[in-house]
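[1] This is a predicted model, with the sequence first.
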Amino acid sequence: MLSYFIRRLAGAIPTLFLIIAVSFVLVRLAPGGPFDKERKVPATVEAKLIEKYHLDEPLPQQFARYVAGLAQGDFGPSFKYPDRSVSELIGIGFPVSLTLGLSAIALALAAGIGLGIWAALRQNTWIDYLCVGTAMLGIAIPNYVFAPLMTLVFGLMLGWLPVNGWGEPRHMVLPILALAIPQVATITRLTRASMLEVLNSNFVRTARAKGLPEMVTLLRHTIRAALLPVVSYLGPAVANIVTGSVIIEEIFRIPGIGRYFVQGAINRDYTMVLGVTILFGALIILCNLIADLCYSLLDPKVRYD
Amino acid sequence: MTTPQFSAMEPVLEVAGLNTLFATPEGDVRAVSDVAFAIARGETLGIVGESGSGKSQIFMSVMGLLARNGRASGSVRVTGTEILNAPVAELNRVRGARMSMIFQDPMTSLNPYLTVRRQMTEVLMTHKGLGEEAAAQASIEMLERVQIPEAGRRIGMYPHEFSGGMRQRVMIAMALLCGPELLIADEPTTALDVTVQAQILDLLMQLKRDTGMAIALITHDLGVIAGLADRVIVMYGGRIVEQAPVRDIFRRPQHPYTEGLLKSMPRLDEHGVTRLQTIGGQPPNLQNLPSGCAFRDRCAYAFDLCAAERPDLTSLGEGRARACHLPQLGEVA
């Protein structure tokens, strides 16, 4: 198991290298540069800047310099925020995004699994139809539609919650809801479908035939098996939520990493964009690995060695 | 729940007026119609019929395992206790304890995510109130009785680490943990290799001799019935069409359908090349059964009365009964 984990991590290095190389080239291909401003800086100043950030070197040499820095954990200096390194900025923004994302996932899991199980146990009743109908809405409506709507209703009309900002728990409510709703919907549907399949399975019939108490049949035999698809969905979903909060952070003015990403892209802050891309890539790889490991703990047919 | 009366004459299972309906969008499907029979202590009853004859659904009704859209009415008594449509908690005191069931597909009937140990001990812990260790010990002994080698080690394994035949042995061991008075075996060997089939059937019979339990053996294979059953019930279109001691049914079937089944069995003692006989036509549509006898469209002897009136199951004496308008049939050559 441990050796499998290490091998998977080692296998992620080429993937990560590819991500770095492709994004490095792509970001340079974008027209414009980090020092293009509405008001042109004097040519001598620009030349100095270009020299300072080594942008005058051939591309392969810049790439080598960048990768060498990365190997030492240095994401390089930000082009946009002088005197601050990308590592520093990520260190400020990432914890915010992580808090937001993990809270949303926790909410989505609790609500999604609960609703999914409830709907399956009440199949073809109004409870089931309500859960499935609401889930359809949650999937169909993107969160950048939900977010302003919720701001309008709870922030402006009812005045219950602040429309933006960060720092207090009440600032977190709307963004977490906006991030969680589509996930609640997906997890509800996934859990419900999987529950229905397991409820009709032969081994649950066997559990009933053995005369086990309903609760044992439900918890030990049904729900455990029904949650496997949710676990495999969760790996990519966690990565998506944490990285996908870009839009939500923009809408609610949250100082998370998503905003640095967007600003970085607009300002051609090469190192910033690269740094965040690499972080997201690593996060997706890690989440998938963790999901795989959880899966192997739940399903004895899947054993890694 | 009343206290069961253990009189010698009392049957282990008594089914009366059993009707099982499935609600479908196209209307109700009548899977079991007016079925009544009893199984005596220690008896092996064979239930024969083709797919869709209702043979399995009788016992799904008995065990309270019908699909969600199924409803059963009538009476089912296990050693005197009425259990049909009883509250689940009451039903759970009977199934798995006094009455157990094993199924056709051992590959999917065990929970793939739990060890055999967990799946066995939970039965004893539920019904007998044993502790984890005592339950595990009793489970190992039961696995040894069904001839699983290295039971002490293998009990910690998961179902996918066992072969099909071994999984069916595990199912049998699980069913017998509480010493049931009735074992319902729903096509227990259909999914297995022929050589393994014989081993499992031998094992069942040996366990029956040792424990004195009754067995309800559901099968479409008359060959299995011939070797094992004391008495046979033949099902067609959701009804019992014939009922007889096993020897009689092979020698002198009294229903044209039974006769057809017997004739369509391949025989090794016939020399030369003979075409295997089949029963022409299709099994009846349970949603829309024809008037009169359900078998008449496929019956070579059908006459006017068969379409006009459904024959009731009537006794022929000597423990025999049939549902047919014909005069009694002669012996099969």
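    Here it is on my side, so go on.

[2] Leaving out chain neighbours, which residue sits closest to the residue in the stretch 201-305 of chain A that chain B sits nearest to?
    For the stretch 201-305 of chain A and chain B, the shortest gap (C-beta to the nearest C-beta) falls at A:G211, measuring 3.1 Å. All C-beta atoms are positioned from the backbone trio N, CA, C, and that covers glycine. Using C-beta to C-beta, 6 or more residues apart in numbering or on different chains and skipping the chain neighbours, the partner closest in space to A:G211 is B:G96 (3.1 Å).

[3] Can you get me a residue count around that neighbour?
    The burial count assigned to B:G96 is 28, neighbours taken as other C-beta atoms under 10 Å in any protein chain shown.

[4] Let me know the pLDDT of the residue of the stretch 201-333 of chain B found nearest chain A.
    Relative to chain A, the nearest point of the stretch 201-333 of chain B is B:A216 (13.3 Å; C-beta to the nearest C-beta). You'll see B:A216 listed with a pLDDT of 95.

[5] Could you pull up the residues touching the nearest residue to it once chain neighbours are set aside?
    With C-beta to C-beta, 6+ apart as the criterion, B:A216 has its nearest non-adjacent residue at 4.7 Å, and that residue is B:I184. Going by C-beta atoms under 8 Å, 6 or more residues apart in numbering or on different chains, B:I184 touches B:59, B:62-63, B:99-102, B:215-216, B:218.

[6] do A:V41 as well
    A:V41 makes contact with A:35, A:49, according to C-beta under 8 Å, 6+ apart.

[7] what do you get if the cut-off is 10 Å, keeping everything else the same?
    By C-beta atoms under 10 Å, 6 or more residues apart in numbering or on different chains, the residues touching A:V41 are A:35, A:47-49.

[8] Go through the lengthiest helix in chain B and flag the buried ones.
    The residue-count maximum for a helix in chain B (DSSP state H) belongs to helix B:194-211. By neighbour count on 16 or more other C-beta atoms under 10 Å in any protein chain shown, the buried set for helix B:194-211 is B:196-197, B:199-201, B:203-204, B:207-208.

[9] Looking at these, which two lie furthest apart in space?
    For the buried residues of helix B:194-211, the farthest-apart pair by C-beta to C-beta is B:V196 and B:K208; their separation is 18.6 Å.

[10] check contacts around the closest residue to chain A within chain B.
    Taking C-beta to the nearest C-beta, chain A has its nearest neighbour within chain B at B:G96, 3.1 Å off. Counting by C-beta under 10 Å, 6+ apart, B:G96 makes contact with A:206-212, B:63, B:122-124, B:126-127, B:174-175, B:177-178, B:180.

[11] Show me what the strand or helix carrying A:L286 is packed against.
    Assigned by DSSP states H and E, A:L286 falls within helix A:270-298. Using 3 or more C-beta pairs under 10 Å, 6 or more residues apart in numbering or on different chains; DSSP states H and E, the elements in contact with helix A:270-298 are helix A:2-29, helix A:59-71, helix A:86-121, helix A:228-244, helix A:257-266.

[12] Can you lay out those as TSV showing distance to chain B?
    Putting the helices and strands packed on helix A:270-298 into TSV (distance: least, C-beta to the nearest C-beta, whole Å) gives the following:
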stretch	distance to chain B
helix A:2-29	19
helix A:59-71	42
helix A:86-121	11
helix A:228-244	8
helix A:257-266	38
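
[13] do you know which of the ones you listed lies nearest B:R169?
    helix A:228-244 (27.2 Å).

[14] so how far is B:A244 from A:I176?
    71 Å (C-beta to C-beta, to the nearest Å).

[15] typo on my end, B:R117
    B:R117 is 43 Å from B:A244, by C-beta to C-beta.

[16] Can you get me a residue count around residue 45?
    No chain in the question, so chain A it is. 11.

[17] oops, I was thinking of chain B
    B:L45 has 25 nearby residues by other C-beta under 10 Å.

[18] Check the secondary structure at it for me.
    Of the three states, B:L45 takes strand according to DSSP: H, G, I helix; E, B strand; the rest coil.
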